[in-house]
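K.L.:
Generate a structure from the sequence data that follows.
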Amino acid sequence: TLTGANVQFASTVTKNATSDDLSIAVGNLNLDGAADVESLTVAEEANFAANVTAQDAITVSDKTTITDNTTVTLTSDSGGTGGISLEEVSGINGTNAENLVLDSGPSTIAVTGAVSDITNLTITDSGGATFGGNVNLLGTLLITASDDDDDIIFNGSLTAVALTTTDTGDDNYDLEFNAGGTITNAVTFNNDGTIKIGNDANDVMNFTAGVTILAPDAISLAGTVATSTGALTIGDGTSPITLDGSTTLTAANNNNITIGGTVNGNQTLILNSGGITSIDGVIGGTTPINTLTTNAAGSTRINADITTSSNQRYNDTVDLGVGARTLTSTGGSIFFAGTVDSLGTTARALTVNAGSGLTTFNAAVGGTDELGAIIISGSGGLDLNAVITNGTAAGAASLAVTGATNLGANVITTGDQTYTGATT
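P.N.:
Numbering: from 1, shown residues only. Below is the predicted model of the structure:
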């Protein structure tokens, strides 16, 4: 145990049989040479210009600074009593790069303060890591490995040029981004655990050049997930999606959104894309989502069934893709502001069940590619404000309406038309 205003080691520090632990009880530590110790404890600030390897814990209770133009690796080899605990972490605010590598083995990493002026931050191994403050990197966040089911959590915003997660076959760690942020380059998540983006409706996570989330076992969303110059691809047959809060997915500049996994959770979902929004996974199949809204630009391809507990509003054009599709609202209305067509020449059947809510078509149905059978079930009825026809040709194979019908335009079908309720 050493005490002083500043304790400096100009050369290497090596443990021996009688003195293993290095403790700076009062004052700052300046470490210019590599240290190999049983444990390291610094009560105040630490300035690292070289690597530290400890068999047990590395603890710095005040600010940690990485010396100018240096890459420093902090390694805690032991399990149980090991781990890395830091407060604020910073590089030197200048033109050179300061990099930090954290390796806690099976133990945890805790950084309670902000991380700033660091170029590259690497987590090579951990039993879980939590960053309590904002993390602002000038370069890359690289996560190369972590133990199964352990969480790597960012409770402050994360800003970086790039975010890389490895896939070595054993990377079943979980990732949480709880306060938004911005990643400049395109991101593909390769961890096989879970991923959580946002924990309330006010969080905004920007993946500027695009994002692909297919590898994780499960995905949780809240707030806004956005791209500017690339596509937003989320979920597949093995990556279900849960809405933990009101969620907005935005792909700006005519980029596409693809939702490949099932989506559940009684929350609002807003889809904004100037390109093609493809819904390939069942929405609300287990727990209906609250509302679904698309923006007016671009188009929506519905390739799976959708169930909401409140309104569905499609403000763009809608194309029906694979198979017969069913749209269900258990407590609201279903509104189509744009045209509705089959995708290609195969006629696709459409069932709309809004319960006691109203189904509204405000633009032509089957005007480009004919639909199959259209069934409007439930007691809410149909408000038809545009034709179901392709010129003089049929716009659908048949039409059946259970509730009242307001016919505001012509309907041409190749088969039967059945209006069970009052028709005006």
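K.L.:
can you tell me how far Gly262 sits from Asp117?
P.N.:
Residue 262: Thr, not Gly. The gap separating Thr262 from Asp117 is 42 Å, by CB to CB, to the nearest Å. The way it works is simple: take the backbone N, C-alpha and C, and place the C-beta from them, glycine included.
K.L.:
When those two are compared, which one has more neighbours?
P.N.:
The neighbour count for Thr262 versus Asp117, taken as other CB atoms under 10 Å, is higher for Thr262 (20 against 17).
K.L.:
and Ala297, how many neighbours does it have?
P.N.:
Neighbour count of Ala297, defined by other CB under 10 Å: 15.
K.L.:
For the closest residue to it other than its chain neighbours, which residues are in contact?
P.N.:
Leaving aside its sequence neighbours, Ala297 sits nearest to Gly274 (CB to CB, 6 or more residues apart in numbering; 4.2 Å). Applying CB atoms under 8 Å, 6 or more residues apart in numbering to Gly274 gives the contacts 251-255, 297-298.
K.L.:
Counting neighbours, which of the residues you listed comes out on top?
P.N.:
Busiest of the contacts of Gly274 [other CB under 10 Å] is Ala251, holding 29 neighbours.
K.L.:
Is it correct that that residue is in contact with Ile259?
P.N.:
No. Using CB atoms under 8 Å, Ala251 and Ile259 do not qualify as a contacting pair, with a distance of 11.3 Å.
K.L.:
Restricted to strands, list the contacts of Gly274.
P.N.:
Ala251 (DSSP state E).
K.L.:
Need the mean per-residue confidence for the strand or helix carrying Thr75.
P.N.:
Taking DSSP states H and E as the definition, Thr75 sits inside strand 71-76. What strand 71-76 shows for mean pLDDT is 95.
K.L.:
Remind me what it packs against, helices and strands.
P.N.:
On a contact count with 3 or more CB pairs under 8 Å, 6 or more residues apart in numbering; DSSP states H and E, strand 71-76 meets strand 52-54, strand 99-103.
K.L.:
could these go into a markdown table alongside mean pLDDT and distance to Thr41?
P.N.:
Output for the helices and strands packed on strand 71-76, formatted as a markdown table (pLDDT from 0 to 100; distance: least, CB to CB, whole Å):
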| stretch | mean pLDDT | distance to Thr41 |
| --- | --- | --- |
| strand 52-54 | 92 | 10 |
| strand 99-103 | 96 | 17 |
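K.L.:
Output those as CSV; include the columns distance to Ser398.
P.N.:
Shown next, in CSV, are the helices and strands packed on strand 71-76 (distance: least, CB to CB, whole Å):
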stretch, distance to Ser398
strand 52-54, 75
strand 99-103, 64
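K.L.:
Residues contacting stretch 305-314, please?
P.N.:
By CB under 8 Å, 6+ apart, stretch 305-314 touches 266, 279, 282-285, 288-294, 300, 325-338, 357.
K.L.:
residues making contact with the strand or helix carrying Ser246?
P.N.:
Ser246 is part of strand 241-251 when elements are defined by DSSP H and E. Under the criterion CB under 8 Å, 6+ apart, residues 196, 198-201, 218-227, 230-232, 234-235, 257, 259, 261-275, 281, 289 lie in contact with strand 241-251.
K.L.:
Contact partners for Glu87?
P.N.:
Residues near Glu87 by CB under 8 Å, 6+ apart: 60-64, 111-113.
K.L.:
Out of those, give me the one that has the most neighbours.
P.N.:
Within the contacts of Glu87, Val60 tops the neighbour count with 27 neighbours, counted by other CB under 10 Å.
K.L.:
Provide a list of residues in contact with it.
P.N.:
Counted by CB under 8 Å, 6+ apart, Val60 has contacts 29, 42, 45-46, 85-87.
K.L.:
would CSV of those residues with pLDDT, secondary structure and distance to Asn69 be doable?
P.N.:
Formatted as CSV, the contacts of Val60 follow (pLDDT from 0 to 100; DSSP: H, G, I helix; E, B strand; the rest coil; distance: CB to CB, whole Å):
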residue, pLDDT, secondary structure, distance to Asn69
Leu29, 89, strand, 20
Val42, 91, strand, 22
Glu45, 94, coil, 20
Ala46, 94, strand, 18
Ser85, 96, strand, 26
Leu86, 97, strand, 21
Glu87, 97, coil, 23
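K.L.:
quick check, nearest of the residues you listed to Leu214?
P.N.:
Nearest to Leu214, judged by CB to CB, of the contacts of Val60 is Leu86 at 33.0 Å.
K.L.:
Quick one, grab the pLDDT at Gly79.
P.N.:
59.
K.L.:
correction: Asp149
P.N.:
For Asp149, pLDDT reads 65.
K.L.:
Pretty sure Gly338 sits against Ala363.
P.N.:
Yes. Applying CB under 8 Å, one finds Gly338 in contact with Ala363, separated by 5.1 Å.
K.L.:
so what's in contact with these two at the same time?
P.N.:
Thr317.
K.L.:
Which one of these two is surrounded by more residues?
P.N.:
Gly338 (20 against 15).
K.L.:
separation between the residue lying closest to the more buried one once chain neighbours are set aside and Thr339?
P.N.:
Leaving aside its chain neighbours, Gly338 sits nearest to Thr317 (4.0 Å; criterion: CB to CB, 6+ apart). Remark: distance between Thr317 and Thr339 (CB to CB) = 5 Å.
K.L.:
between these two, what contacts are shared?
P.N.:
Common contacts of Thr317 and Thr339 (CB under 8 Å, 6+ apart): Ala363.
K.L.:
Output the below-cut-off pLDDT ranges for the stretch 151-300 of the chain.
P.N.:
Across the stretch 151-300 of the chain, residues meeting the criterion (pLDDT under 70) sit at 167-171.
K.L.:
How far does stretch 289-304 sit from its chain's centre?
P.N.:
18 Å (CA atoms, centre = their mean, to the nearest Å).
K.L.:
Next, the buried residues of that stretch.
P.N.:
289-295, 298-304 (16 or more other CB atoms under 10 Å).
K.L.:
Partner strands of the helix or strand Gly372 falls within and their direction?
P.N.:
Using DSSP H and E, Gly372 maps to strand 371-377. Using DSSP bridges, the strands paired with strand 371-377 are strand 350-353 (parallel), strand 396-401 (parallel).
K.L.:
want to throw those into a markdown table with mean neighbour count, mean pLDDT and distance to Ile376?
P.N.:
Shown next, in a markdown table, are those (neighbours: other CB atoms under 10 Å; pLDDT from 0 to 100; distance: least, CB to CB, whole Å):
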| stretch | mean neighbour count | mean pLDDT | distance to Ile376 |
| --- | --- | --- | --- |
| strand 350-353 | 21 | 98 | 5 |
| strand 396-401 | 21 | 98 | 4 |
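K.L.:
Of all these, which one comes closest to Ile92?
P.N.:
Distance to Ile92, taken as CB to CB, is lowest for strand 350-353 among these, at 61.9 Å.
K.L.:
Nothing else from me, thank you.
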